[in-house]
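Peer 1: Got a predicted model here, sequence first, then my questions.
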Amino acid sequence: MWRCRLGPRLARHRWVRFRLERRRLIKRLPDEAQPALGPLSLALVSVVLGIGAGIGAFVFRLLIAFVHNLCFLGSLSIHYDTSVHTPAAPWGPAIVLAPVLGSLVVVFLVSNFAPEAKGHGVPEVMDAIFYGKSVIRPVVAIVKSVASAVSIGSGGSVGREGPIVQISAAFASWLGGSAHVSRWQRATLVAAGGGAGIAATFNTPIGGMLFAVEVLMPEVSIRTLVPVALATATATYLGQRLFGAAPAFVVPAVHSAHTAAVLPAYVLLGALMALVSVAFIRAIYGAEDLFERLIPRRDYLRHALGMLGVGLMMTFLMAATGHYYVEGVGYATIVDVLTGRIGSAPWLLALGAMKLAATALTLGSGGSGGIFSPSLFMGATIGGAFGLLLHGLFPGMPFDAAAFALAGMAGLVAGATGAALTAIVMTFEMTLDYSVVLPMALTVAVSQGARRLLLSQSIYTMKLALQANAHLVHHVGDMAMAVARVMSASATTAHVPSAEGMLPAYLVLFDGARIVGLVDTRAPECATDANRTPVPLRDLARRDFVVAAVDTTLFDLLAAMQRAKAELAVVLAATASPDRSPAVRGILTKAHLAEALAEGMEIFED
């Protein structure tokens, strides 16, 4: 029912316009099956894709640096080390307006050029692969680059991974169309583009591959893994040449993380990360729903107010602590946690809660950016706080706050995104600390498993589920249905009309104002014959049906039919019948429902 309440607002979203535009684009594609490229040609295209993803990641990071330095330092520079805290802006408290001004640019770009560039990017790529024949408009790469760079650079609490996945996937979609690849090859290239973008941005080649496999790819086989491996390897090599080969985070050696005595604590941490993951997912989509309800159809005002909240939060933190903390990707705070510069558990918990609020405000109000970096931030702060609390409670035990912070990072990423292997491998590749892999695996397994028990959808699939089920909020009165005629339950087969072509598909039997059964006029028992003894229609009636009003949603009707194990649905008209008999609009069969469901999705096929 929660999804149903979201449905009408979702239907009013600009996604409707985007999906119509994409459907028109898809219809212009050739209907016949495109022959697949040979292995060598596909390998060459994959290498070109990796080069494009690496260059795209580099340009995207330069854009972020340019916007950040302009907003916070008042300088025209492209040097920006995200592992170092941003100094106080020369504007003083007026820096609170930087996110607000950035929000106006983001809304202008998204509203006028690419509505699919709104949000964190990965669900849009998944939607294109599974529902849109892997078609992503080329303009998305440009709009997503600029909009996300402005959102992150001006202080929005979002990350880089979602945008670079969508940017690289858009390039892959265009490249696949230009190379005239087959349907499965285009889907593979789009998934490979997403993984290559991740690999180039974070210097995580294996993590990028696993991200493509776990999150994006509709098929995993040798023919699909080879292009992904080539694209991610190429993108990583180019990224190392452009960004350097050092890991994203440098942490002190952890020697006690795998001690058997402390392993149960990582199980508890996994359960905690599952709860935080659910809170994170609910906060993002709850904030989006709240903004839509309170400020409908006013995108500029909605996003400006959300970013004003982020601006006030980071300005307060600068005045109180000397750091902005929650602005941007937040890697400097993660470094502080991993190196032990922040040793207060309550303060770490407060930072995690503020990052959650800032990310929900940014994305919920209409921002553009990823959720991977906020997940790392919250996982590090809450995991580090958990380690500090255990160390204080059991001073004789080898509890290391940095090890719990690393496990918390992987646990929250896995719980929120559903990508367990990606979370473990990427966290390892971003730190190169192998000693924490075993406890990290425990935390990840418990976090993802417990989150699935609490909430079946991940932060990526939640948006897909809402979009895929948007057609389920349509009213059943708008659907095509079988013709029905109302008759008294006391009638017999002698009363059934026999005029050629005038016979309705179903007879609805009523007793007073109550429907007591349905009769299929195509059944042999219902045939009228002068030599046959009339049979009471009540004896021929089916009772495997439910009754629904014309304004019942398809979602509610399906739920009612499932509960009643019904095969048919009687749809009542909005206006009452002049006599006491029910005013019936028509009959819905499973064939009608299947057709309605098929119209709401496009199934991936080779």
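Peer 2: Done, it's in. Residues are numbered from 1 along each chain as shown.

Peer 1: how much space between the nearest residue to residue 326 once chain neighbours are set aside and residue 287?
Peer 2: Leaving aside its chain neighbours, residue 326 sits nearest to residue 358 (4.3 Å; criterion: CB to CB, 6 or more residues apart in numbering). Heads up, the C-betas are built off the backbone N, CA and C, glycines and all. For residue 358, the distance to residue 287 (CB to CB, to the nearest Å) stands at 11 Å.

Peer 1: that older thread, so who does the residue nearest to residue 326 touch?
Peer 2: 157, 309, 310, 313, 314, 326, 327 (CB atoms under 8 Å, 6 or more residues apart in numbering).

Peer 1: just curious, which of these is nearest to residue 81?
Peer 2: Residue 81 lies nearest to residue 327 out of those, by CB to CB, at 14.5 Å.

Peer 1: That closest one belongs to a strand, doesn't it?
Peer 2: No: using DSSP: H, G, I helix; E, B strand; the rest coil, the secondary structure at residue 327 is coil, not a strand.

Peer 1: pretty sure it contacts residue 310?
Peer 2: Yes: using CB atoms under 8 Å, residue 327 is in contact with residue 310, at 7.4 Å.

Peer 1: Can you pull the residues that touch both of those two?
Peer 2: Common neighbours of residue 327 and residue 310 (CB under 8 Å, 6+ apart) are 99, 155, 156, 157, 358.

Peer 1: for the second one, what are its contacts?
Peer 2: If I follow you right, that is residue 155. By CB under 8 Å, 6+ apart, the contact set of residue 155 is 71-72, 95, 98-99, 102, 307, 310-311, 314, 324, 327-328.

Peer 1: 7 Å instead, please
Peer 2: Neighbour list for residue 155: 71, 98, 99, 102, 310, 311, 314, 327, 328 [criterion: CB atoms under 7 Å, 6 or more residues apart in numbering].

Peer 1: And those residues, which is closest to residue 510?
Peer 2: Checking the contacts of residue 155 against residue 510 with CB to CB, the nearest one is residue 310 at 60.0 Å.

Peer 1: in whatever helix or strand the closest one lives in, what's buried?
Peer 2: Assigned by DSSP states H and E, residue 310 belongs to helix 299-321. Going by neighbour count (16 or more other CB atoms under 10 Å), the buried part of helix 299-321 is 299, 302-311, 313-318.

Peer 1: do stretch 45-60 as well
Peer 2: Buried, per 16+ other CB under 10 Å, within stretch 45-60: 45-58, 60.

Peer 1: Run through who's touching that stretch.
Peer 2: Contacts for stretch 45-60 (CB under 7 Å, 6+ apart): 37, 145, 149, 160, 163-164, 167-168, 171-172, 175, 179, 189, 192-193, 196-197, 200-201, 227, 230-235, 238-239, 242.

Peer 1: for that stretch, the distance to its chain's centre please.
Peer 2: In terms of CA atoms, centre = their mean, to the nearest Å, the centre of stretch 45-60 is found 24 Å from the chain centre.

Peer 1: same deal with stretch 300-308?
Peer 2: Centre-to-centre, stretch 300-308 and its host chain are 22 Å apart (CA atoms, centre = their mean).

Peer 1: Residues touching it, excluding its own?
Peer 2: 99-100, 102-104, 106-107, 156, 291, 295, 361-362, 364-367.

Peer 1: Mind putting the contacts of residue 358 into JSON lines with pLDDT?
Peer 2: Putting the contacts of residue 358 into JSON lines (pLDDT from 0 to 100) gives the following:
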{"residue": "157", "pLDDT": "94"}
{"residue": "309", "pLDDT": "96"}
{"residue": "310", "pLDDT": "96"}
{"residue": "313", "pLDDT": "96"}
{"residue": "314", "pLDDT": "95"}
{"residue": "326", "pLDDT": "94"}
{"residue": "327", "pLDDT": "92"}
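
Peer 1: and those, which two are the farthest apart?
Peer 2: 309 and 327 (12.4 Å).

Peer 1: check which helix or strand covers the residue nearest the centre of the chain.
Peer 2: Closest to where the C-alpha atoms of the chain average out (CA atoms, centre = their mean) is residue 460, at 2.6 Å. Element membership for residue 460, per DSSP H and E: helix 459-468.

Peer 1: strands paired with the very next helix or strand once past that helix, and their directions?
Peer 2: Note on helix 459-468: by DSSP H and E, the next helix or strand toward the C-terminus is strand 484-488. Looking at strand 484-488 with DSSP bridges, its partner strands are strand 506-511 (parallel).

Peer 1: State the mean pLDDT of the partner strand.
Peer 2: Mean pLDDT, strand 506-511: 85.

Peer 1: Same check on stretch 292-305?
Peer 2: Mean predicted confidence for stretch 292-305 is 90.

Peer 1: any chance you could map the strands in the protein?
Peer 2: When assigned using DSSP state E, the strands of the chain occupy the ranges 484-488, 506-511, 514-520, 545-549, 568-572, 584-588.

Peer 1: what about dumping the CA coordinates of the longest one to CSV?
Peer 2: To tie it back to what came earlier, the one meant is strand 514-520. Presented in CSV, the C-alpha positions along strand 514-520 are these (Å, rounded to 0.1, in the frame of the first residue of the first chain):
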residue,chain,number,x,y,z
ARG,A,514,-25.9,-8.8,-4.2
ILE,A,515,-23.9,-10.5,-6.9
VAL,A,516,-24.1,-14.3,-6.4
GLY,A,517,-22.3,-15.7,-9.4
LEU,A,518,-21.0,-15.4,-13.0
VAL,A,519,-22.0,-17.5,-16.0
ASP,A,520,-19.7,-17.9,-19.0
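
Peer 1: Report the buried residues of that strand.
Peer 2: Under the neighbour-count criterion of 16+ other CB under 10 Å, strand 514-520 has 515, 517, 518, 519, 520 buried.

Peer 1: Now do the contacts for the fourth one.
Peer 2: The reference is to residue 519. By CB under 7 Å, 6+ apart, the residues touching residue 519 are 506, 507, 509, 526, 537, 540, 541.

Peer 1: tally of neighbours for residue 90?
Peer 2: By other CB atoms under 10 Å, the residues close to residue 90 number 11.

Peer 1: which residues in the stretch 251-400 of the chain form helices?
Peer 2: 263-294, 299-321, 331-338, 345-364, 372-393 (DSSP state H, counting those that start in this stretch).

Peer 1: Report the distance from the fourth one to the chain centre.
Peer 2: By that I understand helix 345-364. That offset, for helix 345-364, works out to 20 Å (CA atoms, centre = their mean).

Peer 1: same deal with the last one?
Peer 2: For helix 372-393, the distance from its own C-alpha centre to the chain's C-alpha centre is 25 Å (CA atoms, centre = their mean).
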